[in-house]
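Chemist: How does the following fold in three dimensions:
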Amino acid sequence: MQAYFKLSNDILDTGLTPNELKVGVYLYSCMIYGNCTVQIKQATIARKCGIKKVETVSNIICRLQEKNIIEHVSRPHKQNGQLGTYIYRLKKIAQKGFFKVKRYILGKLTGVQLRMYLFICRAVTTKNDMWNSFNDISRALKLGRNKVIAVINELVEMGLICKLKVLKKDGSYSDNHYSVSEPTVENKNKGKKESPEQAANLFGTHRISNYQEYIPLTACCQVENQKYFGCFGFFSGVVP
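Modeler: Residues are numbered from 1 along each chain as shown. From the prediction side, this is the model:
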């Protein structure tokens, strides 16, 4: 399975609540090779999205239908006559109207962190550079400027984005340039005690500064297992 999945450019413009966005993003992450049909239990959706009640997921599914994120929901009968797992047909993603999202972030972000991360993923250029001002982001996400700064700093601290040092013509460095990155080794191992062998090995817990020169980043591919159920399928174990 690829290390990223696709989302429509307009997903942040449809007025989704934090939990609606989490469920919508998770459903799109379960798509197989562009197939917009996903079959998955609502209990699984609740667990993966950090939602306590399955009934809450059911209500969110209804609202996602109203907002045209989900086009159709069905629930087939099993051979024993009992109802089977829900099947969702998602809104098709336009070939030129999407952005890519790292699969690693699933289940790791709060609602406001997820919105910010998706905004940055959508805004980065082909050179992995985003330079929107705090005021621009504040207006786009309807967040206070101080909140925007705080959430961006949280994503930097988590290693999910990096601040870029971009040299201007006058020799100074411009502010508010960011790129999407993989979490650093330091952040992945945060809270874990380092062994003497790791301390001696520069690949053990190599410290990487949050400030990097403007160089395109290469992502490491993360491979997950996948399971198929009949003619419909979904990826299992997407979220650690």
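
Chemist: Any regions of this protein where pLDDT drops low?
Modeler: 1, 183-240 (pLDDT under 70).

Chemist: Partner strands of the lengthiest strand in it, with direction?
Modeler: The longest strand of the chain (DSSP state E) is strand 161-167. Each strand paired with strand 161-167, and its direction, by DSSP bridges: strand 173-174 (antiparallel), strand 178-180 (antiparallel), strand 211-213 (parallel).

Chemist: Where does the most far-flung residue of the chain relative to its centre sit: helix, strand or coil?
Modeler: Largest separation from the mean C-alpha position in the chain: residue 80, at 37.9 Å (CA atoms, centre = their mean). Per DSSP: H, G, I helix; E, B strand; the rest coil, the secondary structure class of residue 80 is coil.

Chemist: Go through stretch 130-143 and flag the buried ones.
Modeler: 130, 132, 134, 137-138, 140-141, 143 (16 or more other CB atoms under 10 Å). Heads up, the C-betas are built off the backbone N, CA and C, glycines and all.

Chemist: ok, so of those, who is nearest residue 73?
Modeler: residue 141 (28.6 Å; CB to CB).

Chemist: end-to-end on stretch 45-63?
Modeler: Using CA to CA, to the nearest Å, the end-to-end distance of stretch 45-63 comes out at 15 Å.

Chemist: which ones are touching the nearest residue to residue 168 once chain neighbours are set aside?
Modeler: Counting by CB to CB, 6 or more residues apart in numbering, residue 168 lies nearest to residue 174, which is 5.3 Å off, once chain neighbours are set aside. Each residue near residue 174 by CB atoms under 8 Å, 6 or more residues apart in numbering is listed here: 131, 166-168.

Chemist: where do the strands sit along the protein?
Modeler: With DSSP E as the criterion, the chain has strands at 4-8, 37-39, 70-74, 87-90, 98-102, 161-167, 173-174, 178-180, 211-213, 227-229, 232-234.

Chemist: can I get those in CSV with distance to residue 64?
Modeler: As requested, the strands of the chain are exported to CSV (distance: least, CB to CB, whole Å):
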stretch, distance to residue 64
strand 4-8, 13
strand 37-39, 12
strand 70-74, 5
strand 87-90, 9
strand 98-102, 17
strand 161-167, 27
strand 173-174, 39
strand 178-180, 25
strand 211-213, 37
strand 227-229, 22
strand 232-234, 16
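
Chemist: Quick check: residue 104 vs residue 158, distance?
Modeler: 11 Å (CB to CB, to the nearest Å).

Chemist: got it, and residue 60?
Modeler: Remark: distance between residue 60 and residue 158 (CB to CB) = 25 Å.

Chemist: what do you get for residue 140?
Modeler: 21 Å.

Chemist: One more: residue 88?
Modeler: For residue 88 relative to residue 158 (CB to CB), the value is 30 Å.

Chemist: now residue 182
Modeler: To residue 158, residue 182 is 11 Å away according to CB to CB.

Chemist: Could you chop this protein up by domain?
Modeler: For the chain, automatic domain parsing gives the domain ranges 4-96, 108-213.

Chemist: End to end on the shortest one, go ahead and measure it.
Modeler: Between the opening and closing residues of domain 4-96 there is a gap of 16 Å (CA to CA).

Chemist: Pull the distance from that domain to the chain's centre.
Modeler: 15 Å (CA atoms, centre = their mean, to the nearest Å).

Chemist: my read: residue 141 touches residue 116, true?
Modeler: Yes. Residue 141 is within contact range of residue 116, at 6.9 Å (criterion: CB atoms under 8 Å).
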